[in-house]
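> Predicted model follows, preceded by the sequence.
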Amino acid sequence: MFDISVSYIVLAALFVLVILSVWLNIRQWASKRKLIKGIDSRVHGASVGRGLMAEQFAPFTDTFQNFGWDIQEFKFLGRPVDGIQFEEDEIIIVEFKTGDSNMSQKQRRIKALIDEGKVRFQEIRF
């Protein structure tokens with residue numbers, strides 16, 4: 001009978017150790033996941049920040065000037081589109097993108113309105 005009770009005690013102790021080990025591993029996994037998520041968020045935020053900064057300097061780059069546009073006639077807006085280029089025979093709404101970024105839903109809607117010809121000039125007098 002002594003052997004059976006010791007076996008049960010050892011078995012119970014092993015069971016408690018297994019449960020404790022699983023619990024600690026889950027806690028450690030959750031902690032690491034939270035840390036990785038925070039790092040990923042900061043990296044993404046920095047990437048967005050660099051993209052916004054690049055958009056502001058884009059008119060001064062060779063790429064922009066390769067289009068043949070006069071930089072003096074470019075007006076930076078920032079939002080919802082990056083700017084407007086005024087040419088003698090056309091007005092161009094400009095949106096700069098870096099990397100694999102996509103237009104926002106609002107930018108896609110603005111493009112659709114332009115494509116549909118729903119653009120007008122409004123004079124306001126004071």
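The structure has been received and is ready for your questions.

> Okay, strands next: where are they in the protein?
With strands called from DSSP state E, the chain shows them at 74-76, 83-86, 91-94.

> Let me have these in CSV, extended by distance to Tyr8.
C-beta: built from backbone N, CA, C; applies to glycine. Listed next are the strands of the chain as CSV, based on distance: least, C-beta to C-beta, whole Å:
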stretch, distance to Tyr8
strand 74-76, 77
strand 83-86, 78
strand 91-94, 77
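
> Can I get those strands in CSV including distance to Ile39 and mean neighbour count?
Shown next, in CSV, are the strands of the chain (distance: least, C-beta to C-beta, whole Å; neighbours: other C-beta atoms under 10 Å):
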stretch, distance to Ile39, mean neighbour count
strand 74-76, 32, 15
strand 83-86, 33, 16
strand 91-94, 34, 16
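
> Include mean pLDDT and distance to Leu11 when you put those into JSON lines, please.
Below are the strands of the chain laid out as JSON lines (pLDDT from 0 to 100; distance: least, C-beta to C-beta, whole Å):
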{"stretch": "strand 74-76", "mean pLDDT": "87", "distance to Leu11": "73"}
{"stretch": "strand 83-86", "mean pLDDT": "91", "distance to Leu11": "73"}
{"stretch": "strand 91-94", "mean pLDDT": "92", "distance to Leu11": "73"}
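
> shaky segments in the chain?
Applying pLDDT under 70 to the chain picks out residues 1-4, 47-55, 63-65.

> Please state the offset of the longest helix seen in it from the chain centre?
Assignment by DSSP state H gives helix 2-57 as the longest helix of the chain. Centroid separation for helix 2-57 versus its chain: 25 Å, with C-alpha atoms, centre = their mean, to the nearest Å.

> and what of stretch 116-126?
33 Å.

> For it, give me every contacting residue.
Leu113 (C-beta atoms under 8 Å, 6 or more residues apart in numbering).

> tell me how far the ends of it are from each other?
31 Å (C-alpha to C-alpha, to the nearest Å).
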